[in-house]
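Novice: Requesting a structural model of the entry that follows:
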Amino acid sequence: MKLNTNLTVAIHTILCIAYFGETNKVTSDFIAASTGMNPVIIRKILGKLQSASIVETKAGVGGSTITNKLEDISLLDIYKAVSEEDDENRSVFNFHLDPNPKCPVGKKIHQILDTPLSNAQKALEEELSKTSVKELLEKI
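Specialist: Next up is the predicted model:
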């Protein structure tokens, strides 16, 4: 099972802006050419990053810029920006909606999995907080 690509595409997007921004207008079409994604998807991700005050995007062919120091933007910041959920409900794990309450497994599945999955989510977020965009850019 694979999770959606929003996080990795958002990181790729920010790295493109950081890498090329001094010499090029970094537009959604420009980023799409690097990521191999549709420009519409890139614009949606840029919108989320802008709402999180990570990037600033000018309409039309104005391009995007990063609003903070690269060392101050962690992968966790990007993850939170592109996550579909609020802080309390954000998780890479999703439960199926209707486990059978009459089944001994179905009625206990949340109870037995909530803690280990919550711990795994916390570990993921802790690890993401340790890496900055600047560190990644230095590896390119």
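
Novice: Helix or strand: which one has residue 14?
Specialist: helix 6-20 (DSSP states H and E).

Novice: For that helix, which outside residues touch it?
Specialist: If you take Cβ atoms under 8 Å, 6 or more residues apart in numbering as the criterion, helix 6-20 is touched by 26, 30-31, 34-35, 37, 41-42, 45-46, 48-49, 54-55, 64-66, 70, 73, 75, 78-79, 81-83, 133, 136-137, 140. All C-beta spots, glycine's among them, are computed from the backbone N, C-alpha and C.

Novice: same thing but 7 Å
Specialist: If you take Cβ atoms under 7 Å, 6 or more residues apart in numbering as the criterion, helix 6-20 is touched by 26, 31, 34-35, 37, 42, 45-46, 49, 54-55, 64-66, 70, 75, 78-79, 81-82, 133, 136-137, 140.

Novice: Show me what counts as buried in that helix.
Specialist: The neighbour-count check on helix 6-20 (16 or more other Cβ atoms under 10 Å) flags 6-7, 9-18 as buried.
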